[in-house]
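Visitor: Sequence and computational prediction follow.
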Amino acid sequence: MVEGGGGRGDGGDKARDEFLSEAQELVDGLGRDLLHLDEALKVGRLDAELINDIFRAVHTLKGLAGLFGATRMAGLSHELEDVLDDLRLGRVELSQAVLDLLFQAVALYGRILAAEGGAGPDPEAEVEQLLVALAQFSQRRVGGGAGVVSQYDLDPGLLGVLTEYEEHRLRTNIQQGQGLYRIRVRFSLATIDSALDELKAKARPHGEIITYLPTGSGADIDTIELEILMASRASVELLRSAITGPDVGIDEVRRRAGPSARPGTPTPVPQEQPPPAHESFAPPTRVGGDLGVLSRETGSVRTPPEPAARKPTPSVLPSLPPPPASRLASPPQMSLRSVSQTVRVDIRKLDRLMTVVGELAIVKTAIANLTERVRTRAADSRELAIELLRLHRTFDRHLSQMQSGILEVRMVPLGQAFDKLARVVRQISREHGKEVNLVVTGAETEIDKLIVEELSDPLMHMIRNAIDHGTESRDERLAVGKPPVGTIALNAFQKGNHVVIEVEDDGRGMDVELLLEAAVRRGLVSRDEAEELSPREILAIVFMPGFTTKEVATDLSGRGVGLDVVKTNIAKLGGIVDVTSERGIGTKMTITLPITLAIINVLLVEVGARLYAVPLANVEEAIGLDESQVRTVETREVLTVRGASLPLCRLSRLFGIPARVRDRQRAFVVIAQVGNRRLGFVVDELVGQQDIVIKPLGRSLKSVRGFAGATELGDQRVALVLDVASLIEEVLAPTETRLLAAAEGGRN
Amino acid sequence: MRRVLVVEDSVSARAFVRAVLESSEFATEHGACEVVEAHSGFDAMRLLPRGPYDLIVTDINMADINGLELVRFIRKSEHHRSTPLLIISTLRAEHDVERGLALGADKYLPKPFTAEQLRETCGGLLRAAHAGIPSDPPSGGP
């Protein structure tokens, strides 16, 4: 039983979760299919099956949206479905302009889903805008070709169960001069899936399968009989030799002699006679089971079109003014993050986990036995200790197996994020009129699901930058002897416990001189500092907050747009971003990330009597504090460490905890770094390193800043985990007012 | 315990129908139900011999064997010809409904529908079958 199902009129929370996750998968699939469609279209191919898949996906989305009360999604799907229906039924020709709208729809679906999941505003205005654009494309059918079907000896019973799309494919195939065949086949229910795939594979090279009709009485519970309607140019002999099998029979569906349905005769919907136990595509008793009768638009037929094949004329629409892409497609808050919290897991991984659980159960039983023996004093303490130690080792081994097993389950291929990026590349390159190829390697590299989600947006930013500002125009490229189409390489690979992702363009590269000059002008770097910087350090300026100005953007191919945000977001995941660039050759940004976030290595410290955990990824070093070296500069305590001054933050003061009264021991400084900003946390005691599982603080403490979460340490104690990035932000903010002011000034 | 076969290619639509039919509310009003899910027409062909079912609910637009083909098959089969049959589909034009009913479906519930509508429709079909009377005259309008 499903708890609370149906009672609230929405089919239950579990069903709603399923909805969000299925919708997300459909939308992701939609994006992939559109890209394939786009590729095919570029070489002048039209993939009917793919268009139908896309239609079906949108159709399903519409149905789901209706069930779960997602009206915005239902509205969008409804209009999209009309356009796609026109496309798949050949009423409207597929063009880049239509594709643009479809791609926009995918982007909007993402935002609608985010809104449904409570993670963003409802994109009402954008959807309305797109609906208007879509409405211009959806054209009602201009009749066509229905009569051709009646030339064939087809059972009206069959025609009565075809979906509109199947009717259309049947008509189209006949109009293209293909022959019709019926394939009778009997499958064993036990092997039906593989047998069906095999049959499809054999049939595919020779034509198109229109539909599968189950026949027979259903009395035989082990087998299923099918009649398959197939269109093909091949002869019946060829098909018989190609589509083979123990229970396969193939016949040609003959054309009728003489004229087909009498024009002008209204024909009722063919109605199935109650069961003759077995029936095939036998000649109908009533002539005129014409498909036109069944079509959605015609309803009651008055004048069936003449039997001669009449090609449906696809309405080629005057190309619309460039789609409102600039307004619709890339609003600043656009996010590629998916709303789905679901991970698909290979059942074998779960089986392995289950085995480990079994092993742990054995340990549990052993502990129970041991406890019993202690209770009855059947064991002496030495014996007991040995036994306990043995159990502890076994337990420990299984626990780490369990841990790595669960980590593995959390892993998903980076390809999930890359697919969406391919869409962004297409969109941006169309917006900017630049042709760009995205070359992806290592899409199968696995990383924690959580990281993949958080990674989408930073990667999108970087790619946008690469196309927008890195890649030159076609003419510029030709002038310097580069291939006219730019290339952006997206490479991923694993390196030890880290995953490396590179975004590399073959554009104009960054100009170090100009960059430095602008940074000095913005007040981000002083003249003196500028002298000291290495080329690498100069490039890193693009990640500084405030390096986001229009002026700089034009001067410098705008490499700095929002990159500080990228850096911060990557830092939140415990990763780093690096940049290298060569003038005229290109720019490469490299992200290095830990494989998983779930378990992190921390330094445990004591402040007063409390324990805190500092993620080791942020810790540069820990040193003893020599109070005599502490100076005060503009109300801030500063320590000079190896020649560089380090601002200090006494955690006892920050958290309002009385520092432990110490007579002899001195305190310690934990030097933490995020990006290029450093801060020394003064603590009472260094406790040690430990692997911890980080847990969120929960809703009520969500607004408390400075903590990334909490962790249980195993000895019944709990420690708060410091969010180093936000603490540094908080503590250093006043000194950086100058920089921020400069940044604000430049941003407008 | 009534057994209901739900043929639908969308996993969340199946979850929706299951949640409604297996809810305690439905059980109180119409008796407890067990839902058997088929994810395609072919899957349904495989599950049908494992019947009998007290009710079959099917979508129309599915790949390969579509819902209409399934309905036609069910109405011809010795074992399931009198099983109450409900079509749920986004096709909601009058002639779509007419066609579904002409093929032998007992009811036609256009999507989207509310949990309430699904509960009432399924409950009605189960009740009618139980009482051995034909269900209400075919009606399928929203």
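Guide: Good, I have the coordinates. Quick caveat: nothing in here was measured; it's all calculated off a predicted structure. Residues are numbered from 1 along each chain as shown, chains lettered A, B, ... in the order given.

Visitor: Next up, the contacts around residue A:173.
Guide: By CB atoms under 8 Å, 6 or more residues apart in numbering or on different chains, the residues touching residue A:173 are A:180, A:207-208, A:210, A:231. Glycine gets a C-beta too; all of them are placed from N, C-alpha and C.

Visitor: ok, now residue B:53?
Guide: Taking CB under 8 Å, 6+ apart as the test, what residue B:53 contacts is B:3-5, B:36, B:80, B:83.

Visitor: Please identify which of these is nearest to residue B:23.
Guide: residue B:4 (12.7 Å; CB to CB).

Visitor: Poorly predicted segments of chain B, please.
Guide: Applying pLDDT under 70 to chain B picks out residues B:131-142.

Visitor: Show me where it has its helices.
Guide: Assigned by DSSP state H, the helices in chain B fall at B:11-21, B:24-30, B:41-47, B:67-76, B:94-102, B:115-130.

Visitor: can you tell which of those helices is closest to residue A:505?
Guide: Smallest distance to residue A:505 across the helices of chain B (CB to CB): 39.8 Å, for helix B:11-21.

Visitor: tell me what that closest one is packed against?
Guide: helix A:13-42, helix A:48-67, strand B:2-7, strand B:33-38, helix B:115-130 (3 or more CB pairs under 8 Å, 6 or more residues apart in numbering or on different chains; DSSP states H and E).

Visitor: Tell me which of these lies nearest to residue A:493.
Guide: Ranking the helices and strands packed on helix B:11-21 by their distance to residue A:493 (criterion: CB to CB) puts helix A:13-42 first, at 22.4 Å.

Visitor: which residue is nearest the middle of chain B?
Guide: residue B:57 (1.7 Å; CA atoms, centre = their mean).

Visitor: Would you agree that one is in contact with residue B:84?
Guide: No. Using CB atoms under 8 Å, residue B:57 is not in contact with residue B:84; the gap is 9.3 Å.

Visitor: quick revisit: which one of the helices and strands packed on helix B:11-21 lies nearest to residue B:18?
Guide: Nearest of the helices and strands packed on helix B:11-21 (CB to CB): strand B:33-38, 4.4 Å.

Visitor: Is chain A within reach of that closest one?
Guide: No. Using CB under 8 Å from any CB of the partner chain, strand B:33-38 stays clear of chain A, with a minimum separation of 9.2 Å.

Visitor: Grab the nearest non-local neighbour of whatever residue of chain A ends up closest to chain B.
Guide: Ranked by CB to the nearest CB, the top residue of chain A for proximity to chain B is residue A:66, at 2.4 Å. In space, and not counting its chain neighbours, residue A:66 is closest to residue B:112: 2.4 Å by CB to CB, 6 or more residues apart in numbering or on different chains.

Visitor: Any figure for the gap between that neighbour and residue B:13?
Guide: Distance from residue B:112 to residue B:13, counting by CB to CB, to the nearest Å: 10 Å.

Visitor: Between those two, which has more neighbouring residues?
Guide: Neighbour totals were compared for residue B:112 and residue B:13, and residue B:13 leads with 26 against 23 (other CB atoms under 10 Å in any protein chain shown).

Visitor: check contacts around that one.
Guide: A:60, A:63-64, A:67, B:59, B:88, B:111.

Visitor: separation between the closest residue to chain A within chain B and residue A:79?
Guide: Chain A sits closest to residue B:112 of chain B, with a gap of 2.4 Å, by CB to the nearest CB. Here residue B:112 is placed at a distance of 16 Å from residue A:79 (CB to CB).

Visitor: The residue nearest to residue A:66 is in contact with residue A:70, isn't it?
Guide: No. Proximity of residue B:112 to residue A:70 does not meet the contact threshold set by CB under 8 Å, at 9.7 Å.

Visitor: how about low-confidence regions in the stretch 501-650 of chain A?
Guide: If you take pLDDT under 70 as the line, the stretch 501-650 of chain A has these spans: A:546-561, A:596-599.

Visitor: Run through the helices of it in chain order.
Guide: A:512-521, A:527-532, A:535-539, A:550-555, A:563-572 (DSSP state H, counting those that start in this stretch).

Visitor: which parts of the last one are buried?
Guide: Along helix A:563-572, these residues count as buried under the neighbour rule (16 or more other CB atoms under 10 Å in any protein chain shown): A:563-564, A:566-572.

Visitor: how far does stretch B:48-58 stretch from start to finish?
Guide: 12 Å (CA to CA, to the nearest Å).
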